[in-house]
Structure formats: structure tokens, C-alpha cells
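> everything below, folded, please.
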Amino acid sequence: MNSRFKISPSPRWFACVFACMAIIATSNAYGASLYDTIRDAQRKVVKIYGAGGVSGLEAYQTGILISPEGHVLTVQSYVLDTDDLAVVLDDGRKFKGEV
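All right, here's what the predicted structure looks like:
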């Protein structure tokens, strides 16, 4: 049986690939190893808990810290449709979030 995969790039897929390429290119430009670059990127990923959890909807999503003040880049979704957002950092610290 001959199996085939159909790949239809979506904007999210393209953005993810572009971001990964930019991270790798930047790390090599500054002389950092790929391991160090990945470790630094993982430190900037946060989990955002909010609305959801009902009817099989996810109760969280991820985001990326983009400033020392705590600004987070993420996608707009139903998870953010609440006044009670919690942001969890990679080291387990929790903070109250706001949109």
C-alpha cells in the first residue's frame, strides 16, 4: 500500500517554522550553541490558564514572554475570555494575568 501525506501549510505552521529558523539563525550569529538557544527559548514559554475545561475545551494555552515587564505574546482564543487568568512560568511560579 502506497501511503501519501498531504501537507497544506497554515499560517500557524508557517509562523512556527519561521520562528524556529530565526531562533537558530540568531543563536549561530551570536556564537551560542543550539542547546543554549533551545534552553533560553524554553525559559520564555509560559502556560496560560483561563476559561475552558467545559465540554472538552482546553483550559490553557501557551505564550511567549516578550519583555522583562512580563508581556506575553499568544493567540486570541476563548481561554482568554475570563477575568481570572493565571500565567505559569517554566520554573513553576504563578502570576495573575490580564489581557
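
> what strand or helix carries D40?
helix 34-43 (DSSP states H and E).

> would you mark the buried spots in that helix?
Under the neighbour-count criterion of 16 or more other Cβ atoms under 10 Å, helix 34-43 has T37 buried. Yep, even glycine has a C-beta here, placed from its N, CA and C like the rest.

> roughly how far is that helix from the heart of the chain?
Relative to its parent chain, helix 34-43 has a centroid offset of 14 Å by Cα atoms, centre = their mean, to the nearest Å.

> which strands and helices lie in contact with that helix?
Judged by 3 or more Cβ pairs under 8 Å, 6 or more residues apart in numbering; DSSP states H and E, helix 34-43 is in contact with helix 11-29.

> touching, G70 and F95? I think so.
Yes. Counting by Cβ atoms under 8 Å, F95 is a contact partner of G70 at 7.1 Å.

> quick one: contacts for Y60?
K47, I48, Y49, G50, G52, V79 (Cβ atoms under 8 Å, 6 or more residues apart in numbering).

> repeat that for 6 Å
Listed by Cβ atoms under 6 Å, 6 or more residues apart in numbering, the contact partners of Y60 are K47, Y49.

> what's the pLDDT at it?
Note on Y60: pLDDT of 86.

> just read off the phi/psi values of it.
phi -150, psi 170 (degrees, to the nearest 10).

> give me the beta-bridge partners of it?
Y49 (DSSP bridges).

> relative to A86, how far out is it?
9 Å (Cβ to Cβ, to the nearest Å).

> repeat for A51
Applying Cβ to Cβ to A51 and A86 gives a distance of 11 Å.

> ok, those two, which is more surrounded?
Shown here are A51 and A86; by other Cβ atoms under 10 Å, A51 has more neighbours (18 against 14).

> okay, now the closest residue in space to the more buried one that isn't next to it in sequence: neighbour count?
Of all residues beyond its chain neighbours, the one nearest A51 is T82 (4.2 Å), with distances taken as Cβ to Cβ, 6 or more residues apart in numbering. Close neighbours of T82, defined as other Cβ under 10 Å, add up to 14.

> where does this structure dip in pLDDT?
Residue ranges of the chain with pLDDT under 70: 1-14, 24-32, 53, 56.
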